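Engineer: return atomic coordinates for the entry below.
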Amino acid sequence: MAEYLSLETGYGPCSMQVLTHMPMPDIKPDHYLPFVSDESLTVHAGEKQNWIPKCSIGTPIIKSTTRWFENSEELIAFREGRQTSFEYARYGNPTTKVLEEKISALERAESTLFVSSGMGAIVSVLLSLVTPGGHVVATKDSYWEARMFIQNKLSLMGVSTTFVDMNDMDSLKEVLQNNKVSLFYADSPSNPLLNCLDIKQVSELCHSHGALVCIDSSLASPINQKPLTLGADLVLHSATKYISGHHDVVGGCVSGSENLISKIRSCHYDLGSTLVPDAAYMIIRGMKTLHLRVETQNNTALKMAQLLEKHPRVNHVYYPGLPSHPEHDIASHMSGYGGVVSFEVAGDLQATMKFVDSLKLPHIATSFGGCESLVQQPAIMSFWDYSAAERAKIGIKDNLIRFSFGIEKFEDLAADILQALQKM
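Structural biologist: Reported below is the predicted structural model:
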């Protein structure tokens with residue numbers, strides 16, 4: 001029989017061995033690597049699966065929307081759970097599976113689901129785990145679109161909501177005692193003021209009342225923080241940010257126990273927010289340098305926060321790596337504090353705009369975590385639709401800057417910021 005290409009992978013066998021039938025892919029998780037360092041996991045975790053040709057270092061992109069079965073017995077074995085396959089692309093894809101295994105290894109999770117955006121992951125979690133009559137507790141400074149979905153959409157489904165201040169344990173206890181809380185949801189660190197949650201204490205308190213804890217850890221990345229090891233039930237990421245790291249692909253993920261992720265995955269099947277295999281491949285490639293990028297961004301951001309805190313034209317700096325940050329001790333569990341620094345300059349709305357416009361290196365843009373530095377003035381970017389009073393209520397002043405540091409040389413970024421401050 002002549003040798004032929006695999007319709008599952010698109011690759012032929014590396015050896016000259018003749019295939020007698022189409023092999024059924026047996027996708028096995030790569031949980032038994034001989035190392036646990038993030039540096040090695042970002043490169044190797046999830047990738048040595050037996051469906052990948054042994055001559056291929058890179059993970060192949062499997063674009064097939066459906067997987068065919070060799071015979072009816074094989075189909076029945078799949079239906080009975082005796083063999084693993086990907087029946088249809090909305091239910092999973094081999095390339096995406098590699099990515100999910102990689103994140104699971106980094107987050108110390110049993111399972112991970114990848115979807116087409118961070119917001120897709122948030123909605124999948126809320127719709128699958130919060131039933132009508134349930135109650136959600138969320139922090140007041142959680143992601144704006146998540147807050148709006150919890151407040152305006154879940155309420156239409158018979159779900160009640162309470163928003164609490166970060167680390168206000170008394171208010172949280174009161175809500176837990178007076179309501180049947182299904183889920184506690186928070187961003188830690190938060191955006192853009194970088195408040196940090198005592199994940200361990202909140203998890204213990206919520207679990208004592210039967211509530212699940214979900215942490216959006218996008219601003220930390222899996223390198224700097226692992227909420228599951230602190231007691232959280234679920235950890236979310238916008239993979240668009242640090243995980244992919246190149247401002248060129250959108251994706252989101254949620255990690256946790258196999259029991260919880262299977263429930264979320266079932267809901268995701270109905271939502272249809274599937275991550276395409278090309279995007280999965282790009283995120284896998286970006287993750288090879290995740291620890292290198294984050295280490296550089298951590299170092300740059302910390303040194304810049306220290307520099308800005310001493311500058312006469314800067315009123316206040318928000319960065320959990322600074323001893324002056326109110327949650328600096330709470331954030332001590334983090335191995336690094338991330339590449340985002342927010343600060344208030346000594347000026348009004350117009351003077352702050354002049355500072356931003358005088359910068360040469362960063363792009364004026366939303367998002368964070370990529371190789372290129374980005375800067376924004378939240379009052380005219382993310383919170384433009386808010387009135388001045390509404391912005392002030394949530395701590396967004398006209399002179400607030402959010403700077404997401406990339407991997408450029410620290411000295412170049414410092415010189416650029418200093419010259420822009422002078423031009424104010």
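Engineer: which residue ranges of the stretch 301-424 of the chain form strands?
Structural biologist: According to DSSP state E, counting those that start in this stretch, the stretch 301-424 of the chain carries its strands in the segments 314-318, 340-345, 363-364, 374-376, 400-404.
Engineer: now do the stretch 51-200 of the chain
Structural biologist: For the stretch 51-200 of the chain, applying DSSP E, counting those that start in this stretch gives strands covering 111-115, 135-139, 160-164, 181-187.
Engineer: now those as CSV including mean neighbour count, distance to Met304 and mean pLDDT?
Structural biologist: (Glycine included, C-beta is placed from N, CA and C.) CSV is the format used below for the strands of the stretch 51-200 of the chain (neighbours: other Cβ atoms under 10 Å; distance: least, Cβ to Cβ, whole Å; pLDDT from 0 to 100):
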stretch, mean neighbour count, distance to Met304, mean pLDDT
strand 111-115, 25, 32, 98
strand 135-139, 23, 26, 98
strand 160-164, 17, 31, 97
strand 181-187, 24, 22, 98
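Engineer: dump those strands to TSV, plus distance to Gln419.
Structural biologist: Output for the strands of the stretch 51-200 of the chain, formatted as TSV (distance: least, Cβ to Cβ, whole Å):
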stretch	distance to Gln419
strand 111-115	42
strand 135-139	37
strand 160-164	41
strand 181-187	33
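Engineer: low pLDDT regions in the chain?
Structural biologist: Scanning the chain for pLDDT under 70 picks out 1-35.
Engineer: what residue spans form the domains of it?
Structural biologist: What automatic domain parsing lists as the domains of the chain is 93-287, 290-423.
Engineer: export those domains to CSV and tack on distance to Asn71?
Structural biologist: Below are these laid out as CSV (distance: least, Cβ to Cβ, whole Å):
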stretch, distance to Asn71
domain 93-287, 21
domain 290-423, 42
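Engineer: which of those domains sits closest to Ala77?
Structural biologist: Among the domains of the chain, the nearest to Ala77 by Cβ to Cβ is domain 93-287 (18.0 Å).
Engineer: what's near enough to touch the closest residue to Met353 other than its chain neighbours?
Structural biologist: Using Cβ to Cβ, 6 or more residues apart in numbering and skipping residues adjacent in sequence, the residue nearest Met353 is Gln377, 6.4 Å away. The neighbourhood of Gln377, defined by Cβ atoms under 8 Å, 6 or more residues apart in numbering, consists of Thr352, Met353, Val356, Leu400, Ile401, Arg402.
Engineer: can you give me the helices for the stretch 301-424 of the chain?
Structural biologist: 349-358, 388-393, 410-423 (DSSP state H, counting those that start in this stretch).
Engineer: in JSON lines, list the ones you listed along with distance to Leu154 and mean neighbour count.
Structural biologist: Below are the helices of the stretch 301-424 of the chain laid out as JSON lines (distance: least, Cβ to Cβ, whole Å; neighbours: other Cβ atoms under 10 Å):
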{"stretch": "helix 349-358", "distance to Leu154": "34", "mean neighbour count": "16"}
{"stretch": "helix 388-393", "distance to Leu154": "22", "mean neighbour count": "12"}
{"stretch": "helix 410-423", "distance to Leu154": "41", "mean neighbour count": "16"}
